[in-house]
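Trainee: Kindly generate the corresponding structure for this input.
(2 chains)
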Amino acid sequence: MIFLTVGTQFPFDRLVKAIDDFVSQSGLKQKVFAQVGNSSYQPRNFEFVRYLEKNEYDHTIKQASIVVSHAGMGSIIAAMSYQKPLLVVPRLKEYNEVVNNHQVAIARKFEQLGHILVAYQQEDLPAKIAELETFVPRQRKTNVEAVANRISKFLAEVGKAEKQS
Amino acid sequence: MTVNKHKKLRVCLVASGGGHTSQLLRLAESWVGHETFYVTTVDVMRDKLSETRGVYVVGECNRQYPLRMLKVLLRCIRIAFRERPDVVISTGAAAGCMLCLLCKMLGAKVIWVDSITNVEQISLSGRIVRRIADLFLVQWPELASRYKKVEFVGTVV
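Mentor: Coordinates of the predicted model:
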């Protein structure tokens, strides 16, 4: 199953429609399932819901063989934490899909690091989806502990100061 | 008599829905032992945050929708006055920025963790908050070297 997820805050009709067109034109064998959020375009060629609760979302992504999404960090984090091959289509400022082109920037960076594939234009979708079938994402090394420690150290200092005052 | 080493702080955790919230939640260990409440922008985030008692949902906004901004601002003002946190921790975006500024005016310390999405420059909200932040963290080392009072200690994502 291909899981399409476009974020829940703002619509992303361009991607939902592009995947709908792709499914009808390519005669894709795989099932597609989508969380379309606030998008108003209604896909005709696959099942979709507006929102999935967290548990359902996690369950769906676990079942998926590949994931297609906007370049939002929530979707990227979700796909990466289940080590799913992910193709992103960045939201663009020129189409009013987002306030600036930060999605292009993060998509490019993560693509260079080998974590995800990117279709910068919807025309690239068919080729990129084909590539995704065999794509093995490189795991990301994070350092959550260091950041959390820095914050807890800071909180401890604040706590001490408050106690003295 | 044994005295607690540190005072238990009242911590406001604020993040927009989606990636901002995911990144903030990864830091959950850092505020263990303190009293927390969450502020987010969309209702669907509620179940992600279910483990804490107080969750405020202020609504989504950005600079394209000035009226919505105002509505969110009014809700944030109410929260700031009602809760009076000692510390605000935010990963952005607009609502996080508002609560950082408001609570700072009421005497809170401000911690900002800029989202990893901001690769080329610090987010707009982040650039505003940087002027008043007490701890400002970014997730790309290049950004830390370009701005004063900005630290890179690691990535959350």
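Trainee: Give me the phi and psi for B:Lys104.
Mentor: Backbone geometry at B:Lys104, expressed as degrees, to the nearest 10, gives phi -60, psi -40.
Trainee: Would you mind measuring from it to chain A?
Mentor: Remark: distance between B:Lys104 and chain A (Cβ to the nearest Cβ, to the nearest Å) = 13 Å. Yep, even glycine has a C-beta here, placed from its N, CA and C like the rest.
Trainee: What about that residue, how many residues nearby?
Mentor: If you count neighbours by other Cβ atoms under 10 Å in any protein chain shown, B:Lys104 ends up with 18.
Trainee: With A:Glu94 instead?
Mentor: Going by other Cβ under 10 Å, the residues that sit close to A:Glu94 add up to 7.
Trainee: those helices in chain B, which residues are they?
Mentor: Ranges of helices within chain B are B:19-25, B:66-83, B:94-105, B:124-130, B:141-146, based on DSSP state H.
Trainee: Of all the residues in the last one, which ones are buried?
Mentor: If I follow you right, that is helix B:141-146. The neighbour-count criterion (16 or more other Cβ atoms under 10 Å in any protein chain shown) identifies B:143-144 as the buried residues of helix B:141-146.
Trainee: got the contact list for residue 39?
Mentor: Using chain A here. Going by Cβ atoms under 8 Å, 6 or more residues apart in numbering or on different chains, A:Ser39 touches A:6, A:11-13, A:16.
Trainee: Let me rephrase: I mean chain B.
Mentor: Residues near B:Val39 by Cβ under 8 Å, 6+ apart: B:12-15, B:55-58, B:76, B:79, B:95, B:99.
Trainee: Identify the residue spatially nearest to the residue most central in space within chain B, adjacent ones excluded.
Mentor: Centroid check for chain B by Cα atoms, centre = their mean gives B:Ser90 as the closest residue, at 1.4 Å. Spatial nearest neighbour of B:Ser90, excluding adjacent residues (Cβ to Cβ, 6 or more residues apart in numbering or on different chains): B:Gly96 at 3.3 Å.
Trainee: Check B:Arg75 too.
Mentor: B:Val58 (4.3 Å).
Trainee: So what's the residue count around the one you found?
Mentor: B:Val58 is flanked by 23 other residues according to other Cβ under 10 Å.
Trainee: Surely it and B:Val72 touch.
Mentor: Yes - contact status for B:Val58 versus B:Val72: in contact at 5.0 Å, counting by Cβ atoms under 8 Å.
Trainee: Now for these two: what residues contact both?
Mentor: By Cβ under 8 Å, 6+ apart, B:Val58 and B:Val72 have these common neighbours: B:41, B:95.
Trainee: any idea of the pLDDT on the closest residue to B:Ile77 other than its chain neighbours?
Mentor: Counting by Cβ to Cβ, 6+ apart, B:Ile77 lies nearest to B:Leu102, which is 6.1 Å off, once chain neighbours are set aside. B:Leu102 carries a pLDDT value of 98.
Trainee: Correct me if wrong: B:Leu102 contacts B:Ala80.
Mentor: Yes - counting by Cβ under 8 Å, B:Leu102 sits close enough to B:Ala80 to count as a contact (4.0 Å).
Trainee: Give me the more crowded residue out of the two.
Mentor: Neighbour count, other Cβ under 10 Å: between B:Leu102 and B:Ala80, B:Ala80 has more, with 23 against 19.
Trainee: Tell me who's in contact with that one.
Mentor: For B:Ala80, the contact set (Cβ under 8 Å, 6+ apart) comprises B:99, B:102-103, B:106.
Trainee: For those residues, which single residue is the most surrounded?
Mentor: Busiest of the contacts of B:Ala80 [other Cβ under 10 Å] is B:Leu99, holding 30 neighbours.
Trainee: So which residues of chain A form strands?
Mentor: A:2-5, A:32-35, A:47-49, A:66-70, A:86-89, A:117-118 (DSSP state E).
Trainee: Pop out the phi and psi values for the nearest residue to A:Val136 once chain neighbours are set aside.
Mentor: Spatially, and ignoring its direct neighbours in sequence, A:Val136 is nearest to A:Pro85 (7.3 Å; Cβ to Cβ, 6+ apart). When read as degrees, to the nearest 10, the backbone of A:Pro85 gives phi -60, psi 130.
Trainee: Could you pull up the residues touching A:Pro85?
Mentor: So A:Pro85 contacts A:65-67, A:79, A:117, A:132-133, A:135-137 (Cβ under 8 Å, 6+ apart).
Trainee: If we use 6 Å, what do you get?
Mentor: Applying Cβ atoms under 6 Å, 6 or more residues apart in numbering or on different chains, we find A:Pro85 in contact with A:66, A:132, A:135, A:137.
Trainee: Please flag which of those residues sit within helices.
Mentor: Using DSSP H, the subset of the contacts of A:Pro85 located in helices is A:Leu132.
Trainee: out of the contacts of A:Pro85, who's nearest chain B?
Mentor: Comparing the contacts of A:Pro85 against chain B with Cβ to the nearest Cβ places A:Pro137 closest, at 13.7 Å.
Trainee: give me every residue that touches that closest one.
Mentor: With Cβ under 6 Å, 6+ apart, A:Pro137 has these contacts: A:85, A:115.
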